[in-house]
Every structure is written in structure tokens, then in C-alpha cells.
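Asker: Sharing a model prediction with you, sequence too.
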Amino acid sequence: MNNPHALNGFSRGLFAGKHVVITGAGRGIGAAIAQYLVNDNAVVYAHLGRDSSQAKWTFPGTAVPDNLTVCRGDFQDHQVVAEIAGNSAATLGHVDILINNAGTMLGRLPSAEMRAWH
């Protein structure tokens, strides 16, 4: 049976009620995972990236589902990271699952130039 809401290996409802934070959920793998989790009735706090206009997923109708909160922000800014962490904790109450999917390719740094925050 072909279920459009199923990912290989996961039963429908497996994530229902779980509180999930996912970064990099605006497109690609992050968007697919976030949309699956929302459709599976998880409570999702999704970071869409620096610019949410680049988000590649939507839901039928105009309303955002009740089990989805979205945010945007540049993770190169430490204050933004702290704000998103605080807001997601306040919104969800607790986190069952954290998916660190955010990433970008800004260029390569020689290892001698890397700092702890890299």
C-alpha cells in the first residue's frame, strides 16, 4: 500500500504528540522531515533558515497547522541562536526530538583560522 505520509521504516502515528525542533526546515531534507512530522501530528518548531521566503513547502489552505510554529534567523548570529532556543523551549515546554539540519556553504576555512564557535 502506498501511503503518501509514510517514510520508509516509520509507522503512522509514531511521532504523534512528540515535541520536535528542526533547524534548516525551509527546503530539501529538512522540509521533507518537518512536513512529515507535522502530518504525523508531532508538535513542530521549525527553523526555516535566514529567509523564510525561500521555504519550499506549504500546507493546503491558507492556515498554518496548529501543531506547527515557524521561525527564521541567521545561525551565524549567536544572539539569534539563543533567541530561537529560548523561544522554542517556551513554545514547546520540552523537546523530545532535536534535528540539527541547518547548514550552508559559505566557503572553506583553514583549520588554523577556526574558532570554537565554528
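Answerer: Noted; the coordinates are in hand. Numbers count the residues shown, from 1 in each chain.
Asker: Run through the helices of this protein in chain order.
Answerer: Here the chain has its helices, by DSSP state H, at 28-39, 78-92.
Asker: Kindly compare burial across these and name the winner.
Answerer: Stretch with highest mean neighbour count among those: helix 28-39 (a mean of 19; mean count of other CB atoms under 10 Å). All C-beta atoms are positioned from the backbone trio N, CA, C, and that covers glycine.
Asker: other SSEs contacting that helix?
Answerer: Contact here means 3 or more CB pairs under 8 Å, 6 or more residues apart in numbering; DSSP states H and E; on that basis helix 28-39 packs against strand 19-22, strand 43-47.
Asker: tilt between that helix and strand 43-47?
Answerer: Helix 28-39 runs at 160 degrees relative to strand 43-47, counting by axes from the mean of the first three to the mean of the last three CA atoms, to 10 degrees.
Asker: can you redo the helices and strands packed on helix 28-39 as JSON lines with distance to residue 95 and mean neighbour count?
Answerer: Shown next, in JSON lines, are the helices and strands packed on helix 28-39 (distance: least, CB to CB, whole Å; neighbours: other CB atoms under 10 Å):
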{"stretch": "strand 19-22", "distance to residue 95": "5", "mean neighbour count": "23"}
{"stretch": "strand 43-47", "distance to residue 95": "8", "mean neighbour count": "27"}
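Asker: weakest of the helices of the chain in terms of mean pLDDT?
Answerer: Lowest mean pLDDT of those: helix 28-39, a mean of 90.
Asker: hey, C-alpha coordinates of that one in PDB?
Answerer: The C-alpha coordinates for helix 28-39 follow below in PDB (Å, rounded to 0.1, in the frame of the first residue of the first chain):
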ATOM      1  CA  GLY A  28      15.300  19.900   1.000                       C
ATOM      2  CA  ILE A  29      15.600  17.100   3.500                       C
ATOM      3  CA  GLY A  30      14.700  19.400   6.400                       C
ATOM      4  CA  ALA A  31      11.500  20.500   4.800                       C
ATOM      5  CA  ALA A  32      10.500  16.900   4.000                       C
ATOM      6  CA  ILE A  33      11.100  15.800   7.500                       C
ATOM      7  CA  ALA A  34       9.300  18.700   9.000                       C
ATOM      8  CA  GLN A  35       6.300  18.200   6.800                       C
ATOM      9  CA  TYR A  36       6.200  14.500   7.600                       C
ATOM     10  CA  LEU A  37       6.300  15.200  11.300                       C
ATOM     11  CA  VAL A  38       3.500  17.800  11.100                       C
ATOM     12  CA  ASN A  39       1.400  15.400   9.100                       C
END
